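**Q** Sequence and predicted structure are below.
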Amino acid sequence: MTKKIARSAMRDRLTSLDEVTYNNYSKQIEVQFLRHIMDLDVSTIGLTISHFPEVDTWSIIKQLWSMGKNVVVPKCSPSDKSMVFYQIQNFDQLERVYMHLLEPNPLKSKAISPQEIDILVVPGIVYSETGYRIGYGGGYYDRFLTNFSGDTISLAFDIQVVEFVEYDVFDIPVGKIITPNQTFLCKQIRQKDE
Ligand SMILES: Nc1nc2c(c(=O)[nH]1)N(C=O)[C@@H](CNc1ccc(C(=O)N[C@@H](CCC(=O)O)C(=O)O)cc1)CN2
Ligand SMILES: Nc1ncnc2c1ncn2[C@@H]1O[C@H](COP(=O)(O)OP(=O)(O)OP(=O)(O)O)[C@@H](O)[C@H]1O
């Protein structure tokens, strides 16, 4: 199955999640993720602003603020497919730029460098247990990850983690995946597979 087909098939499955299930699963992921953040003692966390049916990050971000963490979110540059992360302290610093995506308004927020991000939550639609990922198709994260040396983690519903994901030479797998039911230590799974 090509990336495109896998992406659109999973999107269909996800959009059919009912609201109660979506909210319950998102909450379970949030609890696991925040526990993980507390264990790691990190200060700056990169996330995206979710849009249904992506795992809800709005509530996670509010919790991170209340824990005193720095929250940074990406602004995309479609011309060269690059991203710059900006620190936000509230949701009023966001603006709708294209499609349904919300981005930080650079006039209202401060840009930070990739080196300042301790842990990056990488969005995606389909994942393998080894951490390979099919995203929106922009290649934004694939490019960003080539210059990123911090920890990476993805938040996903269980159905998003599948047996096999087609990947290319430029794909960089994530370190961990948290689902409502389990945490995949992708790095270790990859080493075991080798
Ligand atoms: N919630 C959320 N935010 C996110 C992502 C995500 O997966 N989820 N991204 C994850 O990467 C980045 C945005 N990724 C994107 C990937 C593809 C296109 C896209 O298909 N664009 C159209 C037209 C864009 C334009 O108007 O120029 C295209 O390329 O045809 C847009 C954004 C950053 N923000
Ligand atoms: N490191 C890179 N340098 C240059 N081009 C890249 C790089 N990574 C990916 N691309 C290009 O970006 C496009 C999208 O890649 P792909 O389909 O893997 O996106 P994706 O993983 O779904 O998106 P994202 O990384 O934004 O979540 C492809 O055409 C690919 O050639």
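**A** Cool, the structure landed. Numbering: from 1, shown residues only. Ligands and ions are numbered 1, 2, ... in the order given.

**Q** For the rest of this, base every contact and every neighbour count on C-alpha atoms.
**A** Will do.

**Q** Any figure for the gap between residue 73 and ligand 1?
**A** 8 Å (C-alpha to the nearest ligand atom, to the nearest Å).

**Q** oh sorry, the question was meant for residue 108
**A** Distance from residue 108 to ligand 1, by C-alpha to the nearest ligand atom: 18 Å.

**Q** Ok, residue 113 next?
**A** 16 Å.

**Q** Tell me which residues of the helix-or-strand element of the chain with minimal mean pLDDT come out buried.
**A** Lowest on mean pLDDT, DSSP states H and E among the helices and strands of the chain sits helix 186-193, with a mean of 90. Applying a neighbour-count criterion of 16 or more other C-alpha atoms under 10 Å, one finds 186-187 buried in helix 186-193.

**Q** do stretch 168-177 as well
**A** Buried, per 16+ other C-alpha under 10 Å, within stretch 168-177: 171-177.

**Q** Whether that stretch contacts ligand 1 - can you check?
**A** No - figure legend: stretch 168-177 not in contact with ligand 1 (C-alpha under 6 Å from any ligand atom); closest approach 12.8 Å.

**Q** Next secondary structure after the longest helix seen in the chain?
**A** Criterion DSSP state H: the longest helix present in the chain is helix 19-40. As assigned by DSSP states H and E, the chain's next helix or strand after helix 19-40 is strand 44-46.

**Q** Check which helices and strands that next one sits against.
**A** strand 70-77, strand 119-121 (3 or more C-alpha pairs under 8 Å, 6 or more residues apart in numbering; DSSP states H and E).

**Q** Looking at the helix or strand that it is followed by now, give me its mean pLDDT.
**A** The helix or strand immediately downstream of strand 44-46 is helix 58-66, counting by DSSP H and E. On average, the pLDDT along helix 58-66 is 98.
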